[in-house]
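>>> Structure for the following, please:
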Amino acid sequence: MMRFSSWKCVLMVFHWPKAGASPRNRHIRTVRPRCCSKLITGKTSSGSSMKLIPIFLPEEACPYHCAFCNVRAANGVDAPVHSPRDVRSKIKTALKTLATHYPGTSVEIAFFGGTFTAGDPALMARYLQECTPFIGESGVSGIRVSTRPDCVDEKIILLLKEHGVTTVELGVESFDDRVLRSLKRRHSAETAIHAVGRLQSSGFTTGIHLMTGCPEETEVSFQKTVLTTLELKPDTVRLHPLLVLADTELARIGYEAPGCEETLNRLAMATYCMESVGIPVIRIGLQPTDSLTRPGQVLSGCFHAALRHRVLSRIYQRFFRKINLQPKSSVTVPESHFSYAIGFKRENVIQFPGLTFVRDNRVKPWDVLVNGSCYHMLTEGLYEIKELLKR
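Okay, the predicted model is just below:
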């Protein structure tokens, strides 16, 4: 905890509601404290403003069919791009939309679906060549591709660099070989570690995709996966709970994915540990597409449209417990974290009655003012992963 004894701050919050105000909102206020601005300045969000133009390719390029995979359901794509000729028109259409709704925003063209670097290199080059005329124009800063750790050799890396690819996301899923075998990934944890290092040394922005709730995974094995990720220092991470989807190998063998209680705890631990060392978690959970929300598509697993909200709400809940938050305390957070602080479906308001929640955009993300004392949540040691591994 950090205390600023020289901080001259007058914060006046009134607990009674206005006439006719809903009692359930009486402890939630938008208040502007008169504070020293140099101590609590910053952006209103810790996330990136980058926008993606998604280009979904068919999954035929995948060298293997993983036990969890139903790419059409997961991506919600009924008509993926089947030819490089389709790419340019999709980009033009997307850029018009972005120019109207998000002018001046940085943009990346992103290839999803299948394994981009596993197919014919000549075809891969043709797809990328359709994108290169847009780079440097209309805010397009580069190209993003997703692939497997065993599909990024030196020749592929050279081809990607020659055609303007700036970001490579690796579907690692786990750094536990037992888990990888259960998912039929057919690559090892060591292969993934080498792939991350190869991409980083080649100058790519490197992302890692991880899953929790997999067969053979234990609490300790997932903690080890998180620890390995922290040691590799990727630029970004995506975290997803395993979902058992219809028409997959896991569905055929009757695997039951963990429920939300266990999953939320693991995702909260992973998110906190990543953010604590400066690795942004850019996505938690799959996008709830129409195809994914169709009845009978998700057979088990923690699937929720507000999964990120639920995970960050749980982190705030753990923080409030650690500092022994007392009733009638005032809690001030930035606008971007306000919904997380009060909790999913107001669970933190309910569990910690009598608090007054205040939003102020001069407070930085992950900073919390409690009765005039400033805490930086990411240095509070809410999850000490190395200590957990010693148990």
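>>> make it CA atoms for all contacts and neighbour counts henceforth
OK.
>>> low pLDDT regions in the protein?
Applying pLDDT under 70 to the chain flags the ranges 1-49, 58-61, 72-80, 386-391.
>>> tell me the strands in it, going along the chain?
28-30, 51-56, 107-112, 140-147, 165-173, 205-212, 236-241, 244-245, 281-284, 298-300, 330-333, 356-359, 367-370, 373-376 (DSSP state E).
>>> will you turn those strands into a markdown table that also has mean neighbour count and distance to residue 181?
Formatted as a markdown table, the strands of the chain follow (neighbours: other CA atoms under 10 Å; distance: least, CA to CA, whole Å):
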| stretch | mean neighbour count | distance to residue 181 |
| --- | --- | --- |
| strand 28-30 | 16 | 49 |
| strand 51-56 | 19 | 27 |
| strand 107-112 | 23 | 24 |
| strand 140-147 | 22 | 18 |
| strand 165-173 | 24 | 11 |
| strand 205-212 | 22 | 14 |
| strand 236-241 | 22 | 18 |
| strand 244-245 | 26 | 17 |
| strand 281-284 | 19 | 24 |
| strand 298-300 | 18 | 20 |
| strand 330-333 | 24 | 43 |
| strand 356-359 | 23 | 47 |
| strand 367-370 | 20 | 41 |
| strand 373-376 | 16 | 39 |
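>>> Next, format these as a markdown table and append distance to residue 196.
Output for the strands of the chain, formatted as a markdown table (distance: least, CA to CA, whole Å):
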| stretch | distance to residue 196 |
| --- | --- |
| strand 28-30 | 44 |
| strand 51-56 | 22 |
| strand 107-112 | 19 |
| strand 140-147 | 12 |
| strand 165-173 | 8 |
| strand 205-212 | 7 |
| strand 236-241 | 12 |
| strand 244-245 | 27 |
| strand 281-284 | 17 |
| strand 298-300 | 31 |
| strand 330-333 | 35 |
| strand 356-359 | 39 |
| strand 367-370 | 31 |
| strand 373-376 | 30 |
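>>> These: which one's closest to residue 270?
strand 236-241 (8.2 Å; CA to CA).
>>> so how far is that closest one from its chain's centroid?
Mean-position distance between strand 236-241 and its chain equals 5 Å (CA atoms, centre = their mean, to the nearest Å).
>>> The residue nearest the centre of the chain pairs with what?
Residue closest to the mean C-alpha point of the chain, counted by CA atoms, centre = their mean, is residue 283 at 2.1 Å. Listed beta-bridge partners, residue 283: residue 238 (assigned using DSSP bridges).
>>> Might you report the residue contacts of it?
Shown in contact with residue 283 (CA atoms under 8 Å, 6 or more residues apart in numbering): 237, 238, 239, 240, 308.
>>> at 10 Å what do you get?
Going by CA atoms under 10 Å, 6 or more residues apart in numbering, residue 283 touches 47, 209, 236, 237, 238, 239, 240, 271, 307, 308.
>>> so which of those residues would you say is closest to residue 105?
Closest approach to residue 105 among the contacts of residue 283 (CA to CA): residue 47, at 13.5 Å.
>>> What is the neighbour count of residue 334?
25 (other CA atoms under 10 Å).
>>> Residue 328 now?
The burial count for residue 328: 14, using other CA under 10 Å.
>>> show me what contacts residue 142?
Contacts of residue 142 by CA under 10 Å, 6+ apart are 106-110, 131-132, 134-136, 163-167.
>>> re the thing from before, how close does the residue nearest to the centre of the chain get to residue 237?
Using CA to CA, to the nearest Å, we find residue 283 at a distance of 7 Å from residue 237.
>>> intersection of neighbour lists for those two?
With CA under 10 Å, 6+ apart, residue 283 and residue 237 have common neighbours 209, 271.
>>> returning to what we had before: which one of the contacts of residue 283 sits closest to residue 65?
Using CA to CA, residue 209 is the member of the contacts of residue 283 that lies nearest residue 65, at 17.1 Å.
>>> Domain map for the chain?
The chain breaks down into these structural domains: 23-44+326-390, 51-305 (assignment by automatic domain parsing).
>>> and of those domains, who's closest to residue 313?
domain 23-44+326-390 (4.4 Å).
>>> my read: residue 131 touches residue 54, true?
No. In this structure, residue 131 is not within contact of residue 54 by CA atoms under 10 Å, at 11.9 Å.
>>> so what sits against both of those two?
Shared contacts of residue 131 and residue 54, defined by CA under 10 Å, 6+ apart, are found at 87, 91, 109, 110.
>>> buried set for stretch 291-306?
291, 292, 293, 297, 298, 299, 300, 301, 302, 303 (16 or more other CA atoms under 10 Å).
>>> Mind putting those residues into JSON lines with distance to residue 214?
Shown next, in JSON lines, are these (distance: CA to CA, whole Å):
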{"residue": "291", "distance to residue 214": "22"}
{"residue": "292", "distance to residue 214": "19"}
{"residue": "293", "distance to residue 214": "21"}
{"residue": "297", "distance to residue 214": "18"}
{"residue": "298", "distance to residue 214": "15"}
{"residue": "299", "distance to residue 214": "14"}
{"residue": "300", "distance to residue 214": "12"}
{"residue": "301", "distance to residue 214": "10"}
{"residue": "302", "distance to residue 214": "12"}
{"residue": "303", "distance to residue 214": "14"}
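>>> Could you pick out which of these are located in helices?
Among the buried residues of stretch 291-306, no member falls in helices (criterion: DSSP state H).
>>> how much space is there between residue 111 and residue 287?
16 Å.
>>> ugh, wrong one, I meant residue 208
On the measure of CA to CA, residue 208 and residue 287 end up 17 Å apart.
>>> Next: residue 185.
Using CA to CA, residue 185 is found at 22 Å from residue 287.
>>> Which one's more surrounded, the two?
Per other CA under 10 Å, whichever of residue 185 and residue 287 has more neighbours is residue 185, with 23 against 17.
>>> Quick check: that one touching residue 179?
Yes. If you go by CA under 10 Å, residue 185 and residue 179 touch, sitting 8.9 Å apart.
>>> which residues of the stretch 51-200 of the chain fall in helices?
71-75, 85-101, 121-131, 154-162, 177-182, 189-201 (DSSP state H, counting those that start in this stretch).
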